[in-house]
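In: sequence below, structure please.
(chains A and B)
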2 protein chains.
Amino acid sequence: MASDPAAFLSRWHRIVETRDEVALGEILAPNPSLGAPPYWQKFVGHDVVHYLLGVILQTIDPLHYHREWSDDREFALEFSGQVAGIELQGIDLITIDDDGRLVNIDVMIRPADAVAELIEQVTPRMTEFFAARSSTN
Amino acid sequence: MASDPAAFLSRWHRIVETRDEVALGEILAPNPSLGAPPYWQKFVGHDVVHYLLGVILQTIDPLHYHREWSDDREFALEFSGQVAGIELQGIDLITIDDDGRLVNIDVMIRPADAVAELIEQVTPRMTEFFAARSSTN
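Out: Numbering: from 1, shown residues only, chains lettered A, B, ... in the order given. This next block holds a predicted model:
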């Protein structure tokens, strides 16, 4: 599969629209990284990025894309949505690899109360994930 | 002055680099709007956007631009920097008008503690501004 920006975007939008967790796993590179809105440190690795992106996609609902910029393998995708009824605006900065798979995504949102609510919703599920992973290691 | 994306970007970068408050006022359209990281509601009007953008530019220091996307009159400009020593990543989504002046800017940053620190630093100066304005109205 060659790197085709239009094809990536079309797959990405379908995945977000349908919250398709399986297809989300397939569009990720083997060792992707995620810069999530609340944290400075990036999450690295297929399992954790797959899980955490999936949780974020379930938590921001509805989620609609607006302006899009693309430059070769680098995309900036503006979205709006809600977290627990709080309105938000956000951006996905995405880089894809030679095979058209996501190698990095940084997500930023405003305003601050939407970030706080996202932390509130996502933290318990992240804790579960890391607890389960550490108990099987 | 016609809308020239490259000319706008070159002026914008010079303004941010030098924190030039006068030139910042000149690059703004007569009635611009600003979506600031902490708040959902947009600030509208030349005075308030000029003031608040100036404060934000003084508060995020250092501030360096990285990836840039442009599509006609719409720009997405990635930056990194610090607020009171806290590392951050951010994006400016900028729209310019027929005359090459900024009509809207939305700013999003991560992580959450940088947003909290920005609120901490900016709120007292915003309060001063609105208090001064209401006392002269």
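
In: C-alpha from now on. contacts and neighbour counts both.
Out: Fine.

In: can you list the low-confidence ranges for chain A?
Out: Chain A contains residues with pLDDT under 70 at A:1-2, A:137.

In: got a list of contacts for the one helix or strand residue A:127 maps to?
Out: According to DSSP states H and E, residue A:127 maps onto helix A:112-136. Contacting residues not belonging to helix A:112-136 are listed as A:37-38, A:52, A:55-56, A:59, A:82-84, A:86-88, A:109, B:37-39, B:112, B:115-116 [CA atoms under 8 Å, 6 or more residues apart in numbering or on different chains].

In: any idea how far apart the tips of stretch A:32-40 sit?
Out: The straight-line separation of the ends of stretch A:32-40 (CA to CA, to the nearest Å) is 16 Å.

In: can you spell out which helices and strands pack onto the host helix or strand of residue A:16?
Out: Assigned by DSSP H and E, residue A:16 belongs to helix A:5-18. Where contact means 3 or more CA pairs under 8 Å, 6 or more residues apart in numbering or on different chains; DSSP states H and E, helix A:5-18 is packed against helix A:21-27.

In: other SSEs contacting the helix or strand that the helix it packs on is followed by?
Out: Going down the chain from helix A:21-27, the next helix or strand is strand A:28-35, by DSSP H and E. Counting contacts by 3+ CA pairs under 8 Å, 6+ apart, strand A:28-35 packs against strand A:43-44, helix A:46-59, strand A:102-110.

In: report the angle between the helix or strand following the longest one and helix A:112-136.
Out: Just to be clear, that refers to helix A:46-59. Going down the chain from helix A:46-59, the next helix or strand is strand A:60-71, by DSSP H and E. Per axes from the mean of the first three to the mean of the last three CA atoms, to 10 degrees, the angle that strand A:60-71 makes with helix A:112-136 is 90 degrees.
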